[in-house]
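Trainee: everything below, folded, please.
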Amino acid sequence: MQRSPLASSAVVSAGYDAVNSTLELEFSSGRIYQYADVPRSAYEWLLRTRSKGTYVSRMINGQYAYRDVTPALDDAFDLEATLRHSLRDRDPQD
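Mentor: Numbering: from 1, shown residues only. The predicted structure is shown next:
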């Protein structure tokens with residue numbers, strides 16, 4: 001689902017699937033949740049309200065069933081090894 005960025009310190013982005021009435025929120029923690037059976041009006045209010053975090057806390061959390069859809073980190077990707085490799089191959093004149 002495509003999300004749009006939000007001006008909020010708590011909720012980074014939000015998206016809505018009208019066909020399935022699903023609200024998807026990405027939080028500043030990096031977690032992504034999908035909320036089921038959310039009316040479009042709740043999504044529209046989220047976009048308009050000044051305090052996104054407060055709105056989600058009061059009007060979304062506990063009101064709709066949700067699931068965590070945060071992508072798992074790929075175990076095959078080793079950041080430390082990748083960085084070591086890139087430094088080893090670097091030209092000392094750079």
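Trainee: output the below-cut-off pLDDT ranges for this protein.
Mentor: Applying pLDDT under 70 to the chain flags the ranges 73-94.
Trainee: residue nearest the centroid of it?
Mentor: Nearest residue to the geometric centre of the chain (CA atoms, centre = their mean): residue 26, 1.8 Å.
Trainee: for it, phi and psi?
Mentor: Dihedral pair for residue 26: phi -110, psi 130, per degrees, to the nearest 10.
Trainee: and if you look at the one 4 residues further on?
Mentor: For residue 30, the backbone dihedrals are phi 100, psi -10 (criterion: degrees, to the nearest 10).
Trainee: what segments of the chain are strands?
Mentor: 4-5, 11-17, 22-27, 32-35, 66-68 (DSSP state E).
Trainee: still on that earlier bit, so how far is residue 36 from the residue nearest to the centre of the chain?
Mentor: Distance, residue 26 to residue 36, by CB to CB, to the nearest Å: 17 Å. Using the backbone N, CA and C atoms, a C-beta is placed for each residue, glycine as well.
Trainee: ok, residue 44 - how many residues close by?
Mentor: 11 (other CB atoms under 10 Å).
Trainee: same question, residue 55
Mentor: Other residues close to residue 55 by other CB under 10 Å number 20.
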